[in-house]
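Colleague: Here's a sequence, model it:
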Amino acid sequence: MSRGRFAGAVGSWLVALRIARREARRARGRTALVLAMITLPVLALSFTAVSWDMARLTRAEQLERRLGGADAELRWSAENAVVQDAWGENSWSARGELVPRARPVTAADVTGLLPPGSRVSRVRWSVPFEVRLDGRTVPFDARSLDLSDPVAGRLATLRAGRRPAAPDEIAVSPPALRHLGVRLGDPVRTRDGRMYRVVGTVEFPDNLREVVALGPQAPTGSLSPPDDSWLVDLPGRLGPTLVDRLNAHGLTVRARNALPGREDAPFDATPAPDPAEAGNAVLVGGLGLLEVVLLVGPAFAVGVRRRRRDLALLAVAGGDHVQLRRVVLADGVVLGSAGATLGLLLGTAAAFAGRSLVEQHLTFARSGGYRVFPAALAAIAAVAVLAGVLAALAPAWAAAREDVVAGLAGRRSPPRRRRRWLLLGMLLTVGGAAVAALGAARTSPTVILTGLILGELGLVFATPTLIGLLARAGRLLPLAPRLALRDASRNRSSAAPAISAVMAAVAGSVALGVYLASDEARAWADWQPGMPPGNVMLLRADSPGTALPPPAEIATRVRATLPGGTVARLVVPACAAPASPEDYCLAAAVVPADRACPYQPSEYLTDDGRRRALADPRCTRPLRSPDGFSLPAYVDDGSALPALTGAPADEVVAAARVLRAGGVVVTDPRQVVDGRVTVTASRTTDGADFPQTTTASLPGHALRGGLPVDRLFLSAAAADRLGLAVEQLGYVVGTTAPPTPAAQDRLTADLAPLAELQVQVAWAGPASDRRPLLLLLAAGSGLITLGAAGVATGLAAAEGRRDLSILAAVGASPGVRRVLSLCQAGVIAVLGSVLGIVAGLGSAVIILASVNRRYAAAWPVETPYPVVVPWSTLGVLVVVPLLAMLGAGLVTRSRLPVERLLD
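Modeller: Numbers count the residues shown, from 1 in each chain. As a prediction, the model looks like this:
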């Protein structure tokens, strides 16, 4: 019995699939529309999957790029014996702790451990290379290797010219050649005065950016430890005895094949996915699937209505509800499969054809072999078919409930108003808002996305009822908008998904746009410059022991570019007679214990402790933490105070008087007690468990104006009393207006003959700008709005030919059809946009309010998120419906059709 039922189901599905294929051929316009909507996301996803799979290198491909023409790669990184894995990717000490190798390695040291007849070639994967271009110091990624050696020469591909053979010859990548602005044979001068001649262009497959290939004699500079390895060409095979001998001397061996007898960790080019990120990706993918279903659903709904008579005949012939649903669901299976197949073929072909573009502009590295990602493509195809089936699901249930007599007579069945869908929509909307608020309070993006999806589904279920209410209110409107609202109410199965698709896209864009705008406003509120905005620091780029010119010479060059600029020395405290380069000294002013907050920000406080900390006036800090470049302490006589603090002139005069008298100046009034400040100087020495501390009570003055950041200014006498030396870092420049980028370049070029100085400008706010992202979000939702409005308008026009014929018969003017199409597009676009904007703003307010409620009880006090409406995004979303209406009016023919009406 069960076998016969299964055979009957299979036969029923085969018949339904044949009917669906025939219907797809008959309704070619609707079929093309559905295929386009399914194919486009499949094309994009398959292109991404195939490109990513080709860019993900296999172990053999990675070793080929690392070894070149060598048999093995050696890395001498330890002084004691090491143990390594089978592929040389990880090593650890054989006994005790690993002792890093600090001594330089020579070719003789390496060949002395290898069999006779072995050849080695050193490769330093990163060496310094800086060039002066247009008065600026420009660093380049550089490698030191012998490209004329067959062992290392296969690491790069020669594109033009020849390989370097002399120590003063270099080869560069094509992007580096364009940036340098030279041709083959031209000289290049580095910042330290060395001259090199460009003799060829080469390409490193692992880095297609700006790369310079230097000879093996290139200086290592200040890199410690140098990133170098030795490529080895052995006369025989690499045996375990040789590997053990090399490991015993601290060398790690990487070969083309796994070394026997060692741990072979499974190769995985990608780390395990984070569960939270995977959950977010699934939810975002679910939102995308919902968009596709909502956009494709109207086409299936219109197809069902145009096939009412055929479905009614099928019911008369004995078809039950299950078979009717299968006929409609088969449309989704056929079109989903066709869209998936077409999208996979086009996406794979685009990935193969655009491989070089992806390498040049996205991955900046050559991909591996030509291959596809079968598992990912199968999942994408399954999701595409699922989208087609889900889009046809609601029309299938509607077709099974159609009145057979009405279908045979060609009459419309009046839409049934079901309150349960409205009730379900309201419950989902409220529940989604609550879930999103809970996720915001717990800072869980996964929960927030889940709440947004539930809320949008609730609005989708409530949209048909809302369309019916608007249709009742449309009785007071003129003819064309009244007909458009009536058609939307009569054809809710096609109008509601289109409106919901617009609503979902706009709501997501608005909610994310409000969050991004609010986050940017919060970043601006938290931004605290460490120096008055527009002022400039000229920091030395050479060694600290080099003497700098006096401020007067620097001021002459500065005023030529920045009129009205003032120049002062930038001096900081340093260790006197440091025992090693690792010695570090720090000076700080002390807040008295009775004035200090008893709660530390790093402490974990209970709810009661947080409330006490928030209520304690001592924990209300008068200062803020600075952003950008800043130093905690300076040594000054008052000349650098205006440029560093922005304090009023009268306070600068009083503070300079204290500094000239041998005192200190602070910006925190709590640190001054009876006109004196307690200052500590701590010295941290390499190998010492605790720093050495010196404390002194010095005459002090507190600045009441200027930047609200913690600063300490020591006089030279105060620094000497604390046992500190002084070190000049450069100069500070007070400006009347922020310098432009061109002025910064000119200033760098003018100062180059005097000293190597880096120009750093104190900006007035954070560098991030979210406006391009906001406009991109608005553009994406606008495209979906235009697409949904166009699709719904076209389907309504195709289905409403009978009504248009009646209008023509009763004497309507030809322009009525154009105005009617314009109004039909307006119903979809305007209603969807309005719902989306309201839903997006509501979601954003709920999320921000929940986050701010958590911040209100946080210690230390955090800046709450302000509710900022991105008006640029809303402006685009307001204009888009007008464009949709205008486009519908322009592309619609004004001539009304006259067709034979069915009796």
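Colleague: and the gap between residue 471 and residue 107?
Modeller: 87 Å (C-beta to C-beta, to the nearest Å). In this view, the C-beta of every residue, glycine as well, is placed from N, C-alpha and C.
Colleague: These two: which is more packed in?
Modeller: residue 471 (19 against 13; other C-beta atoms under 10 Å).
Colleague: So that one sits against residue 488, correct?
Modeller: Yes: in terms of C-beta atoms under 8 Å, residue 471 counts as a neighbour of residue 488; the distance is 6.8 Å.
Colleague: residue ranges with poor pLDDT in the stretch 351-500 of the chain?
Modeller: Along the stretch 351-500 of the chain, segments meeting pLDDT under 70 span 398-419, 440-445, 493.
Colleague: all helices of it, in order?
Modeller: Applying DSSP state H, counting those that start in this stretch to the stretch 351-500 of the chain gives helices spanning 355-358, 374-400, 404-409, 419-441, 445-473, 479-490, 492-526.
Colleague: Please produce TSV containing those helices, extended by distance to residue 228.
Modeller: Below are the helices of the stretch 351-500 of the chain laid out as TSV (distance: least, C-beta to C-beta, whole Å):
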stretch	distance to residue 228
helix 355-358	31
helix 374-400	38
helix 404-409	80
helix 419-441	49
helix 445-473	43
helix 479-490	71
helix 492-526	41
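Colleague: Return the most buried member of these.
Modeller: helix 492-526 (a mean of 24; mean count of other C-beta atoms under 10 Å).
Colleague: Next, the angle from that helix to helix 445-473.
Modeller: 130 degrees (axes from the mean of the first three to the mean of the last three C-alpha atoms, to 10 degrees).
Colleague: Can you name every helix or strand that the following helix or strand past helix 492-526 contacts?
Modeller: Next helix or strand after helix 492-526 toward the C-terminus (DSSP states H and E): strand 536-540. For strand 536-540, the packing partners by 3 or more C-beta pairs under 8 Å, 6 or more residues apart in numbering; DSSP states H and E come out as strand 566-575, strand 724-734, strand 757-761.
Colleague: same thing but at 6 Å, please
Modeller: strand 724-734, strand 757-761 (3 or more C-beta pairs under 6 Å, 6 or more residues apart in numbering; DSSP states H and E).
Colleague: residues near residue 758, how many?
Modeller: 14.
Colleague: from what I can see it touches residue 542, true?
Modeller: No: Residue 758 is beyond contact range of residue 542, at 10.4 Å (criterion: C-beta atoms under 6 Å).
Colleague: domains in the protein, as residue ranges please.
Modeller: Partitioning the chain according to automatic domain parsing yields domains covering residues 1-62+279-413, 63-255, 428-452+468-527+767-903, 536-761.
Colleague: Out of those, which gets nearest to residue 462?
Modeller: Among those, domain 428-452+468-527+767-903 comes nearest to residue 462, with 7.0 Å by C-beta to C-beta.
Colleague: Nearest spatial neighbour of residue 214, chain-adjacent residues omitted?
Modeller: residue 144 (4.7 Å; C-beta to C-beta, 6 or more residues apart in numbering).
Colleague: surely the one you found meets residue 124?
Modeller: Yes: taking contacts as C-beta under 6 Å, residue 144 lies within contact range of residue 124: 4.0 Å.
Colleague: Between these two, which has more neighbouring residues?
Modeller: The neighbour count for residue 144 versus residue 124, taken as other C-beta under 10 Å, is higher for residue 144 (22 against 18).
Colleague: OK, contacts around that one?
Modeller: Residues near residue 144 by C-beta atoms under 6 Å, 6 or more residues apart in numbering: 124, 127, 214, 216, 218.
Colleague: Now do it against residue 114, distance only.
Modeller: For residue 144, the distance to residue 114 - C-beta to C-beta - is 21 Å.
Colleague: what does residue 14 give?
Modeller: 70 Å.
Colleague: Comparing the two, which residue is more hemmed in?
Modeller: residue 114 (20 against 11).
Colleague: did I read that right, the more buried one in a helix?
Modeller: No: counting by DSSP: H, G, I helix; E, B strand; the rest coil, residue 114 is not found in a helix; it is coil.
Colleague: Skip the chain neighbours and tell me the closest residue to it.
Modeller: Per C-beta to C-beta, 6+ apart, closest to residue 114 is residue 232, 6.5 Å.
Colleague: Give me the secondary structure label for that neighbour.
Modeller: From three-state DSSP, the assignment for residue 232 is strand.
Colleague: Am I right that it is in contact with residue 72?
Modeller: Yes: contact criterion C-beta under 6 Å: residue 232 and residue 72 qualify, at 4.9 Å.
Colleague: Any idea how far stretch 28-36 is from the middle of the chain?
Modeller: 35 Å (C-alpha atoms, centre = their mean, to the nearest Å).
Colleague: Give the buried residues for it.
Modeller: Residues 30, 31, 33, 34, 35 are the ones in stretch 28-36 that count as buried (16 or more other C-beta atoms under 10 Å).
Colleague: ok, now which ones touch the last one?
Modeller: What it means is residue 35. Counting by C-beta under 6 Å, 6+ apart, residue 35 has contacts residue 339.
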